[in-house]
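1. here is a sequence together with a model predicted from it:
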Amino acid sequence: MGCQPQIPVTGQRKSVKIFGAVEIYTANFQFHRAGVFNAETYLDFLEQLARRYYPKRTHLIQDNASYHKEATVWSWFKENRRWLEVHPLPAYSPELNAIERIWHHTRVSGTHNRYFVSEEELVGTLHRVFRGIQHHPNQIRGYLRPFC
């Protein structure tokens with residue numbers, strides 16, 4: 001008879017902050033680690049995207065996180081509107097957010113039912129999963145099919 005797996009826990013909830021973007025047609029995935037989610041760190045991520053996509057016409061679909069609505073972020077969008085068009089998702093609609101499929105894949109293939117002794121071990125696992133996605137986008141194409 002099978003046994004329920006026992007996963008040790010520390011009793012503490014720790015998290016790692018990761019921004020992510022995925023091209024729905026090519027499954028190209030970009031990510032950026034930050035200490036916190038705020039307008040400043042989001043702008044760092046947007047600059048990373050700009051380095052990759054400018055001047056290619058790009059559509060950014062984003063959720064309704066509070067830092068997405070900050071004046072500095074919208075000022076950046078205004079300065080970059082010649083190549084970037086921003087589309088906010090309806091409130092409380094993770095099913096319409098393609099990146100949520102990537103976070104699900106990350107949990108299933110990297111973090112689900114695992115105990116991480118340290119934050120460095122968790123970050124290493126996340127980077128392994130993310131680099132795998134970047135080098136082998138076919139592993140996430142199926143998740144993105146409903147958006148194409």
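-> Received the coordinates, thanks.

2. so what's the residue positioned nearest the centre of the chain up against?
-> In the chain, the centroid-proximal residue (Cα atoms, centre = their mean) is residue 20; its distance is 2.4 Å. Contact partners of residue 20, counting by Cβ atoms under 8 Å, 6 or more residues apart in numbering, are 29-32, 99, 102-103. Quick note: C-beta positions are derived from backbone N, CA and C, even for glycine.

3. after the longest helix that the chain contains comes which helix or strand?
-> Looking across the chain with DSSP state H, the single longest helix is helix 119-135. For helix 119-135, the following helix or strand on the C-terminal side (DSSP states H and E) is helix 138-144.

4. could you pull up the mean pLDDT of that following helix?
-> When pLDDT is averaged along helix 138-144, the result is 96.

5. now swap in stretch 84-101 and tell me
-> 96.

6. tell me the phi and psi of the residue lying closest to residue 85 once chain neighbours are set aside?
-> The shortest distance from residue 85 to any residue other than its chain neighbours is 5.0 Å, reached at residue 59 (Cβ to Cβ, 6 or more residues apart in numbering). Taking degrees, to the nearest 10, you get phi -110, psi 130 for the backbone angles of residue 59.

7. for residue 30, same thing?
-> Per-residue torsions, residue 30: phi -120, psi 140 (degrees, to the nearest 10).

8. surely it meets residue 50?
-> No: between residue 30 and residue 50 there is no contact under Cβ atoms under 8 Å: 11.0 Å.
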